[in-house]
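Chemist: Below are the sequence and a predicted model; questions follow.
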Amino acid sequence: MRSVGHARFGPSRSEPTRVVTFVHLLWTECGTGYLEQDGREHRLRAGEAFCYRPGMRHRLFTREDAWEYRWLTLDGPCATGLVLGLGIPDAPFDAGPGWADSFRAQGKALHRVGPREQVETTAGVYAFLVSLAGRVTSPAQRTDEKAGAVARAKALMAERLNDPSIGVRQIAAAVGLERTLFSRVFRQVTGTTPKGYLDDLRLQAVLTRLRSSSETVEATARWAGFGSANYLAKFLRRKIGLSPSAFRSSL
């Protein structure tokens, strides 16, 4: 867990557009807010939630109504995989009322120190996200056969995240589905494409590595399965608008 907070926007307020480099979860406590996600506009009413993932372009604003919301951010190598694995979509969903106390509890837990406390905090965040994800309903997610194939595909992507030879065709074959059918089923269940999911996992892993390591960009590229520093730089510029060196300088 990176941070937790509470914000109030008055009418006609807007934040500048930026690219997020972490998981950013928002939930509306009251009022109505608006957000942009990669150029798409969404309305977020009371009880509704939204989750940004690394690489998404992000802007929050209001119109005629005030807006009060709670937020939580996550980073680290498992953050993106966690929210994707739980089925939390990159679209507004009805989480329902009554989450304010849960957000407050996460905020208090964030400041606890010590190995035992950190384990308890991590477990608490996971339980919170599982509960929130339980509010997301999709008929496709309730189809056991489809969900099973997608679960196997997710596990394979996580296991071979750094393997440059892994792609949609190889993953589809591994779970026993034709590529086009696999892509359609994967999108039905997760709300994103297989390539988009794999890119999100790799982006989170690379950003975490760049934050926590002083190794060369070339070494990070090899570790992440990109083959070259140039390929990694192109990937990051496309996703967050920054080169690896510029991202490090922004920290």
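Modeler: Noted; the coordinates are in hand.

Chemist: Specify the local secondary structure of residue 43.
Modeler: strand (DSSP: H, G, I helix; E, B strand; the rest coil).

Chemist: what about the helices in the stretch 1-150 of the chain?
Modeler: Taking DSSP state H, counting those that start in this stretch as the criterion, the stretch 1-150 of the chain contains helices spanning 79-85, 100-110, 115-133, 144-159.

Chemist: Can you tell me which of those is most buried?
Modeler: helix 79-85 (a mean of 22; mean count of other Cβ atoms under 10 Å). All C-beta atoms are positioned from the backbone trio N, CA, C, and that covers glycine.

Chemist: contacting residues around it?
Modeler: 22-23, 25, 51, 53-54, 74, 126, 129, 154, 158, 190, 192, 197, 200-201, 203-204 (Cβ atoms under 8 Å, 6 or more residues apart in numbering).

Chemist: Quick check: PyMOL command selecting the buried ones in the residues you listed.
Modeler: Those of those that count as buried under 16 or more other Cβ atoms under 10 Å are selected in PyMOL with:
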select buried, resi 22+23+25+51+53+54+74+129+154+158+190+192+197+200+201+203+204
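
Chemist: Would you point out which residue is most central in this structure?
Modeler: residue 53 (3.1 Å; Cα atoms, centre = their mean).

Chemist: and that one, what is it in contact with?
Modeler: Counted by Cβ under 8 Å, 6+ apart, residue 53 has contacts 20, 23, 80, 83, 84, 90, 200, 204.

Chemist: Can you tell me which of these is nearest residue 103?
Modeler: Relative to residue 103, the closest of those is residue 23; by Cβ to Cβ it sits at 14.7 Å.

Chemist: which residues touch the residue lying farthest from the centre of the chain?
Modeler: The outermost residue of the chain, judged against the average C-alpha position, is residue 64 (29.4 Å), by Cα atoms, centre = their mean. Neighbouring residues of residue 64 by Cβ under 8 Å, 6+ apart: 11, 12.

Chemist: same question, the one 4 residues further on
Modeler: Shown in contact with residue 68 (Cβ under 8 Å, 6+ apart): 6, 7, 8, 9, 28, 29, 30, 31.

Chemist: and these, which two are the farthest apart?
Modeler: Farthest apart among these by Cβ to Cβ are 6 and 31. That separation is 13.0 Å.

Chemist: So for the two, which residue has more residues nearby?
Modeler: The residue with more neighbours, out of residue 6 and residue 31, is residue 31; 18 against 13, by other Cβ atoms under 10 Å.

Chemist: Let me see the contact set for that one.
Modeler: Per Cβ under 8 Å, 6+ apart, neighbours of residue 31: 9, 46, 62, 65, 66, 67, 68.

Chemist: do you know how far the third one is from residue 91?
Modeler: Going from residue 62 to residue 91 by Cβ to Cβ, to the nearest Å gives 20 Å.

Chemist: Could the C-alpha coordinates of stretch 198-215 be exported in PDB?
Modeler: Taking Å, rounded to 0.1, in the frame of the first residue of the first chain, the C-alpha atoms of stretch 198-215 are listed here in PDB:
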ATOM      1  CA  LEU A 198       0.400  -8.700 -20.000                       C
ATOM      2  CA  ASP A 199       1.600  -5.200 -20.800                       C
ATOM      3  CA  ASP A 200       0.100  -4.000 -17.500                       C
ATOM      4  CA  LEU A 201       1.900  -6.600 -15.500                       C
ATOM      5  CA  ARG A 202       5.200  -5.800 -17.200                       C
ATOM      6  CA  LEU A 203       4.700  -2.100 -16.800                       C
ATOM      7  CA  GLN A 204       4.200  -2.500 -13.000                       C
ATOM      8  CA  ALA A 205       7.200  -4.800 -12.700                       C
ATOM      9  CA  VAL A 206       9.500  -2.400 -14.700                       C
ATOM     10  CA  LEU A 207       8.400   0.700 -12.700                       C
ATOM     11  CA  THR A 208       9.000  -1.100  -9.500                       C
ATOM     12  CA  ARG A 209      12.400  -2.200 -10.600                       C
ATOM     13  CA  LEU A 210      13.400   1.300 -11.800                       C
ATOM     14  CA  ARG A 211      12.300   2.700  -8.400                       C
ATOM     15  CA  SER A 212      14.100   0.200  -6.300                       C
ATOM     16  CA  SER A 213      17.200  -0.600  -8.200                       C
ATOM     17  CA  SER A 214      20.200   1.500  -9.500                       C
ATOM     18  CA  GLU A 215      21.000  -1.000 -12.200                       C
END
